[in-house]
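Student: Dropping the sequence and predicted coords here.
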Amino acid sequence: MELQAVLMAAGGGSRMTDLTYNTPKAMLPVGNKPLIWYPLNLLERVGFEEVIIITTKEVQKMMSMDPKIKVDVKMKLDVVCIQEDGDMGTADALRHIQQKIKTDILVVSCDLITDVALHEVVDLFRAHNATLAMLMSKAHEFTETVPGQKGKKKTAEQRDFVGVDQSGQRLLFMANEADLEDGLSLRKSVIRKHPRMHIRTGLVDAHLYCLKKAVVDFLSENKSISSIRGELLPYLVRKQFSKTANYEKIKDDCEDQTQKKSSTDDEVVISSRDESLLQRAQELSCWNDHRGDMSEAYHGGKLRCYVHIMEQGLCCRVNTLAAYIEANRLAPKLFEEPAVHPSSVISERCQMGSDSIIGALCQVADKTSIKRSTIGNSTTVKEKVKIANSIIMHGVAIEEGCNIQGSVICSNAVIGRGADLKYCLVGSGQWIEPEELAVCVCIYMCVCVSH
Amino acid sequence: SKEEKQRLRKEKKQQKKSKEKKDDKESHVSSAPPAVPAPVSNSVPASEVAVATEKPTKSKAELKAERRARQEAERATKQTKKGEPGQQGATGKPKAPPSELQPGMVKRLSEHVQVDDPDVLKKLAKKLERQQIPLRSDYGYKVSLFSHLHQYSRKAPPTQQLSIPSTVIHPAIVRLGLQYSQGIVAGSNARSVALLHAFKQVIRDYTTPPNEELSRDLIKKCLFYYMNLFPLKKFVFFLINVTYRVFFNTIIFLIFPASAKKKRFAKSKLLTSIEWYIKEKIILAATAIAHSSIEKISDGDVILVYGCSSLVNNILCEAYDKQRKFRVIVVDSRPRLEGREALRRLVQKGISCTYVLISAVSYILPEVSKVFLGAHALLANGYVMSRVGTSQIALVAKAFNVPVLVCCETYKFCERVQTDSFVSNELDDPDDLIVTRKGKTQLAGWQQVASLGLLNLVYDVTPPDFVDLVITDLGMIPCTSVPVVLRVKNVDQ
């Protein structure tokens, strides 16, 4: 088998607690499908037959009850539950499932919505025999107003500095602004080998990584690394150019025992069977990945990291509220599905814009106007309601005469008659008083109403 | 000899059976899932095939691919005595009128040759679909003289339609195909070694399914993977393609002796045979050739090389190690510009080099004392198939009376005969010819211009008149002795 897919779905959604305090991030509805459905769909389309999902018990329970996942996803899902306390980083999770991993892995995060041609990333991984291949995309500005935030306050996102070589594929440098004290320092060895480097800041990491099995083995030896993105990746990128990475670790065909003994020096041991034959083929080949200096292909380095940067297409990580709203806007466009679910009852005098989608078992009464919004399953919308630029989740009841603009209403909320909400975020199960006027407020500390 | 008689008897039996099955197959041509579609043509010398099919069985699971290979070989050697028992076998069966062979043969050849015929393409696509291989579509306008060849774009990689954890095709083969198409593994020696490496992985991971025999099933699988390399790589006519010969001579040819012994050790025996093949035919051959070539290099020589041939580079490095004083002129040509890599390797060694483009070759030749060329294949009529531009160099060298020496291992010798570069060749991505200078790309919209076609050939053939000597691991021979070497090799095996 070539690649095993690992889906990381245990994240807590720490940057959008307003939404995730009740629903785990993996099950947030985006375009009326749970968030985890999108990466699963991506993997399924590409041809995976099995996925290992690392998640919490709660998500597992919700997943087993969710109709969309049960019906649509035909792959075999191997769910591994971990504790919810949040101490486990992504690398720790990989260490946890080390026994299950028999070959190279493709790590995907549950909050990735993309239509990337996955073979582009995997081809880099295959063709150059890379240790790491990842996906990045140009970041888009979020233009929508984020509900619950007063004014257009832009959170100071820490920038990522990514250095790529001339071809735009080899990853030379990766650092986060937070780690750089007073300046960006580049090693001389990197500059010597790659005199032309493009440093880009406007990229978003899609958290999709192809990793060699040797990296997983390395992780199991080095328990200090707990996050893939934060620690493992910068380590691998740095290690490409360190002197020891160029030592040839010649392995014979013996199995893991000898490898374990010689890897005591904490190095990522990259080796494969018939290493000498591959080496010979590379020597005989008249190909070089760079020009202008006297060294051979890849500068003789065995550890190589590649990145595929998506210039066009959708690649969105739903980890902030703004991203969540953006995703709701863009995700339905990925699929050719009818805007209105067939089981919903929409009255004829309802004005529905083309950008809106309505979920299953909804009831929308007369004289309503729904523009650029997403309405979840089992929602009831009474008469004379105006909904614009909003996201309504499942099980919401909206009484007559409401005016909802630019808001996010979480599941099972009740919006009383005549309420006027602008740029609000209503938490799960909340009850909005009739005739309430709210602008730019997050409402989640009120009395919970259970249905 | 007695063995030969036994062999002949077995062959006759095989051919009788193959005629039976072939007639069945011809009636179900469209429904047969061949592991070896028509393009496998008659490169295989009949003796090799005969040795490979030592075990006739009456099981229904007989390998169709093997039969096909044999049939092609039979057609090739129709004139020899092998053809007669085949004919007798055919006439012995009332169901098989010999005339059916003729249209069948023509049908196969036309599929093989006329790639631009839409019906043929449809059939090929259907065949490939059934085998779950996506057909790679041609790209751009093809110059009419070469419309029978495939032309693929590098921007449409073959893996687009394959599933990502590729289950149908072994991942090592997918990787190999990708490396071929992106040019990461380039040069015939490199390709052969990489191919064998990939097949070693395949054999290692292979487990015999129940009710199947290791040899037949493994051959079928290997052939299937190999055929898939061609949509991945580019469609090359198999015969001259070195990798096919290497593939056939190792995997197919060695499977039977390997599995003839104890089944348990068949795989390991096969793996060691492959390693042995590489060691003997590629590595040791290079050493032998270097050894003989050094005698031809004298102090004060000015040697001209073209492109990047691993063998020639090896020779020059060895000669430098043996304290010969010479300098090298590296000739290079677009779009591949492989000479840069040759230049790097030679200069790294310490050899003093000059670098020119092929357009300057007639200006530089008065200085040159010898020309060393590498080859992709040596054809049976003495023609040398090598990178495009080689025949030009040889021609100009001949005009200047400079000796031309071709260095070629014996595994690259081929029974096929070809006199021009049109019949079988490889078309590379035409967009490689587009160059951007000073920010302007003149050919950017070449597809919109109706009367413009870009042709990026990979190989060309050099006639034997221009080649003075061929240095092989068997010694130094004239170009026209290739069939002799082939005959000697066949007798040995």
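Tutor: Everything's here; your move.
Student: can you give me the strands for chain B?
Tutor: Under the criterion DSSP state E, chain B carries strands at the ranges B:301-306, B:326-332, B:353-357, B:370-374, B:377-378, B:384-387, B:404-407, B:436-437, B:440-441, B:459-462, B:469-472, B:475-477.
Student: Does at least one residue of the fourth one sit close to chain A?
Tutor: What that stands for is strand B:370-374. No - contact of strand B:370-374 with chain A is not found when judged by Cβ under 8 Å from any Cβ of the partner chain; the minimum separation is 10.0 Å. Every C-beta, even on glycine, is put in place using the N, C-alpha and C of the backbone.
Student: low-confidence ranges in the stretch 101-250 of chain B?
Tutor: Judged by pLDDT under 70, the stretch 101-250 of chain B has its weakly predicted residues at B:101-135, B:230-244.
Student: Now do residue A:421: how many residues are near it, please.
Tutor: Burial measure for residue A:421: 28 neighbouring residues, criterion other Cβ atoms under 10 Å in any protein chain shown.
Student: Same check on the one 3 residues further on?
Tutor: For residue A:424, the number of neighbouring residues by other Cβ under 10 Å comes to 25.
Student: Spatially nearest residue to it (excluding sequence neighbours)?
Tutor: Leaving aside its chain neighbours, residue A:424 sits nearest to residue A:407 (4.5 Å; criterion: Cβ to Cβ, 6 or more residues apart in numbering or on different chains).
Student: could you dump the strands of chain B to CSV with mean pLDDT, mean neighbour count and distance to residue B:191?
Tutor: CSV is the format used below for the strands of chain B (pLDDT from 0 to 100; neighbours: other Cβ atoms under 10 Å in any protein chain shown; distance: least, Cβ to Cβ, whole Å):
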stretch, mean pLDDT, mean neighbour count, distance to residue B:191
strand B:301-306, 96, 22, 18
strand B:326-332, 96, 22, 20
strand B:353-357, 96, 15, 25
strand B:370-374, 96, 26, 13
strand B:377-378, 90, 26, 12
strand B:384-387, 93, 27, 13
strand B:404-407, 96, 24, 17
strand B:436-437, 89, 8, 29
strand B:440-441, 90, 10, 31
strand B:459-462, 93, 22, 13
strand B:469-472, 94, 24, 19
strand B:475-477, 92, 15, 24
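Student: mind putting those in CSV, distance to residue B:189 included?
Tutor: Output for the strands of chain B, formatted as CSV (distance: least, Cβ to Cβ, whole Å):
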stretch, distance to residue B:189
strand B:301-306, 15
strand B:326-332, 18
strand B:353-357, 21
strand B:370-374, 9
strand B:377-378, 12
strand B:384-387, 13
strand B:404-407, 11
strand B:436-437, 32
strand B:440-441, 35
strand B:459-462, 15
strand B:469-472, 14
strand B:475-477, 20
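Student: To residue A:306, which of the ones you listed lies closest?
Tutor: strand B:436-437 (24.2 Å; Cβ to Cβ).
Student: Contacts for that closest one next, please.
Tutor: Strand B:436-437 is contacted from outside by no residue at all, using Cβ atoms under 8 Å, 6 or more residues apart in numbering or on different chains.
Student: That one pairs with which strands, and in what direction?
Tutor: The pairing partners recorded for strand B:436-437 under DSSP bridges are strand B:440-441 (antiparallel).
Student: Quick check: closest non-adjacent residue to residue B:214.
Tutor: Residue B:214's closest residue in space is residue B:208 (Cβ to Cβ, 6+ apart), at 4.7 Å.
Student: Contact partners for that neighbour?
Tutor: The neighbourhood of residue B:208, defined by Cβ under 8 Å, 6+ apart, consists of B:214, B:217-218.
Student: Out of these, which comes closest to chain A?
Tutor: For these, the closest approach to chain A (Cβ to the nearest Cβ) belongs to residue B:218, at 18.3 Å.
Student: so how far is residue B:172 from the residue nearest to residue B:214?
Tutor: Here residue B:208 is placed at a distance of 19 Å from residue B:172 (Cβ to Cβ, to the nearest Å).
Student: near chain B, which residues of the stretch 251-400 of chain A?
Tutor: On the criterion Cβ under 8 Å from any Cβ, chain B has as its neighbours in the stretch 251-400 of chain A the residues A:273-274, A:277-278, A:280-288, A:291, A:294.
Student: Of those, keep whichever come out buried.
Tutor: Among these, those scoring as buried are A:274, A:277-278, A:280-288 (criterion: 16 or more other Cβ atoms under 10 Å in any protein chain shown).
Student: Out of those residues, list just those in helices.
Tutor: Of those, the ones assigned to helices by DSSP state H are A:277-278, A:280-284.
Student: for these, which one is nearest residue A:164?
Tutor: For residue A:164, the closest of those turns out to be residue A:282, at 22.6 Å, with distances computed as Cβ to Cβ.
Student: What sits closest to the closest one if chain neighbours are left out?
Tutor: Sequence neighbours aside, residue A:297 is the residue nearest to residue A:282 in space, at 6.2 Å (criterion: Cβ to Cβ, 6+ apart).
Student: Tell me how many other residues crowd that neighbour.
Tutor: Neighbouring residues of residue A:297 were enumerated by other Cβ under 10 Å; the total is 17.
Student: next one: the one 3 residues further on
Tutor: Here the neighbour count serves as a burial measure; for residue A:300 (other Cβ under 10 Å) it reads 13.
Student: Can you name the residue of chain A nearest to chain B?
Tutor: Residue nearest to chain B within chain A: residue A:47 (2.3 Å; Cβ to the nearest Cβ).
Student: Out of the residues of the stretch 251-400 of chain A next to chain B, which one has the weakest pLDDT?
Tutor: The member of those with the lowest pLDDT is residue A:273, at 59.
Student: so who does residue B:203 touch?
Tutor: Residue B:203 makes contacts with B:218, B:222, B:267, B:270-271, B:274, as judged by Cβ under 8 Å, 6+ apart.
Student: rerun at 6 Å
Tutor: By Cβ atoms under 6 Å, 6 or more residues apart in numbering or on different chains, residue B:203 lies in contact with B:267, B:270.
Student: do you know how far it is from residue B:279?
Tutor: Shown here: residue B:203 relative to residue B:279, a distance of 17 Å by Cβ to Cβ.
Student: do residue B:270 as well
Tutor: Distance check for residue B:270 against residue B:279: by Cβ to Cβ, it reads 15 Å.
Student: Residue A:360 falls within a strand, correct?
Tutor: No - applying DSSP: H, G, I helix; E, B strand; the rest coil, one finds residue A:360 to be coil, outside a strand.
Student: Touching, it and residue A:343? I think so.
Tutor: Yes - if you go by Cβ atoms under 6 Å, residue A:360 and residue A:343 touch, sitting 4.7 Å apart.
Student: quick one: stretch A:87-104 to chain centroid distance?
Tutor: Averaged C-alpha coordinates place stretch A:87-104 at 17 Å from its chain's average position (Cα atoms, centre = their mean, to the nearest Å).
Student: So between residue A:360 and residue A:343, which is more surrounded?
Tutor: Higher neighbour count among residue A:360 and residue A:343: residue A:360, with 17 against 11, using other Cβ under 10 Å.
Student: on that earlier part again, if we take the buried ones among the residues of the stretch 251-400 of chain A next to chain B, which one ends up nearest to residue B:359?
Tutor: Compare each of those with residue B:359 using Cβ to Cβ and the shortest gap goes to residue A:286, at 20.8 Å.
Student: Not counting its neighbours along the chain, what's nearest the closest one?
Tutor: Distances taken as Cβ to Cβ, 6+ apart put residue B:308 closest to residue A:286, at 3.5 Å, once the chain neighbours are dropped.
Student: No more questions from me, cheers.
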